[in-house]
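Visitor: predicted model, plus sequence, below.
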Amino acid sequence: GQSLEQPSEVTAVEGAIVQINCTYQTSGFYGLSWYQQHDGGAPTFLSYNALDGLEETGRFSSFLSRSDSYGYLLLQELQMKDSASYFCALPTNAGKSTFGDGTTLTVKP
Amino acid sequence: NAGVMQNPRHLVRRRGQEARLRCSPMKGHSHVYWYRQLPEEGLKFMVYLQKENIIDESGMPKERFSAEFPKEGPSILRIQQVVRGDSAAYFCASSLGTASNEKLFFGSGTQLSVL
């Protein structure tokens, strides 16, 4: 089976940098994805890592270490609108993805 | 260029009634997935469908739940004889393909409340 662990809550101040960690267990690894969800709305795709290292997309970056079964999402120059839930997920090559329970990020002024 | 459309946004049912949730995938997408989300929890996979075929229903309860994606029209998630424990947000997603780097595009969900 597959499982993912991530912290339930993280708090940071506007303008700061925050890192959301994710550890996973899987018998077959096809990559690690990240999604953002505001207030129970539609989750939206943020990033995907299949290889070790850092992928940067604007203020958001995602890191993967396959040997450690670990990844993180890095959010820089935090803004109030970044307050949301962030999910790491294990996709497969057969469509289905398994999601973690999510990390609620609260950005304070 | 509409995204994934789900309706209704909110659905209230009494115990024992049937719930029908509809999902139209993004234009050009032929892969549809249903997920369930309880408060403060992640998205739990239920079923993966292509047109007229159920590909993977490993996350769907064996009883009372069924899903279809007909040749014409939206995908339907049907819950018969609903119970209070079925109260949750149900999200539909679609994708262009099934490769691991394919993005899932989600709808806004249907919040089902069972009284």
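Guide: Done, it's in. Residues are numbered from 1 along each chain as shown, chains lettered A, B, ... in the order given.
Visitor: skipping adjacent residues, who's closest to residue 45 in space?
Guide: Answering for chain A, as no chain was given. B:Lys103 (4.2 Å; CB to CB, 6 or more residues apart in numbering or on different chains). C-beta here means a position set from N, CA and C on the backbone, and glycine is covered the same way.
Visitor: if you could check chain B rather than the one you did, that'd help
Guide: B:Gly59 (4.1 Å).
Visitor: and the pLDDT for the one you found?
Guide: On pLDDT, B:Gly59 comes in at 93.
Visitor: just to check, it is in contact with B:Leu43?
Guide: No - the criterion here is CB atoms under 8 Å, and B:Gly59 misses it with B:Leu43 at 10.2 Å.
Visitor: could you count how many residues lie near whichever residue of chain B sits closest to chain A?
Guide: Across chain B, no residue is closer to chain A than B:Ser100, which sits at 3.5 Å (CB to the nearest CB). As a burial measure, B:Ser100 scores 20 neighbours (other CB atoms under 10 Å in any protein chain shown).
Visitor: SS state for it?
Guide: Here B:Ser100 is coil, with the state taken from DSSP: H, G, I helix; E, B strand; the rest coil.
Visitor: ok, now how distant is it from A:Thr103?
Guide: According to CB to CB, to the nearest Å, B:Ser100 and A:Thr103 sit 22 Å apart.
Visitor: got the contact list for the residue of chain B closest to chain A?
Guide: B:Ser100 sits next to A:30-31, A:48, A:50, A:91-93 when contact means CB atoms under 8 Å, 6 or more residues apart in numbering or on different chains.
Visitor: helix or strand for the most centrally placed residue in chain B, which one?
Guide: Closest to where the C-alpha atoms of chain B average out (CA atoms, centre = their mean) is B:Trp34, at 3.4 Å. In the assignment (DSSP states H and E), B:Trp34 maps to strand B:31-37.
Visitor: before we move on, the earlier item: so between B:Gly59 and B:Leu43, which is more surrounded?
Guide: Comparing B:Gly59 with B:Leu43 by other CB under 10 Å, the one with more neighbours is B:Leu43, at 29 against 17.
Visitor: quickly list what that one is bridged to.
Guide: B:Leu43 has these beta-bridge partners by DSSP bridges: B:Gln37.
Visitor: can you pull the contacts of it?
Guide: By CB under 8 Å, 6+ apart, the contact set of B:Leu43 is A:43, A:87, A:99, B:35-37, B:91.
Visitor: wait, a strand at B:Ile76?
Guide: Yes - assessed by three-state DSSP, B:Ile76 belongs to a strand.
Visitor: just the strands in the chain please.
Guide: Just going to use chain A. Secondary structure of chain A by DSSP state E: the strands cover A:3-5, A:9-13, A:18-25, A:32-37, A:44-49, A:53-57, A:60-65, A:70-75, A:84-91, A:97-99, A:103-108.
Visitor: wrong one, chain B
Guide: B:5-7, B:10-13, B:19-24, B:31-37, B:43-50, B:53-56, B:65-68, B:75-79, B:88-95, B:105-106, B:110-114.
Visitor: strands paired with the third one, and their directions?
Guide: Take DSSP bridges as the rule and strand B:19-24 pairs in its sheet with strand B:5-7 (antiparallel), strand B:75-79 (antiparallel).
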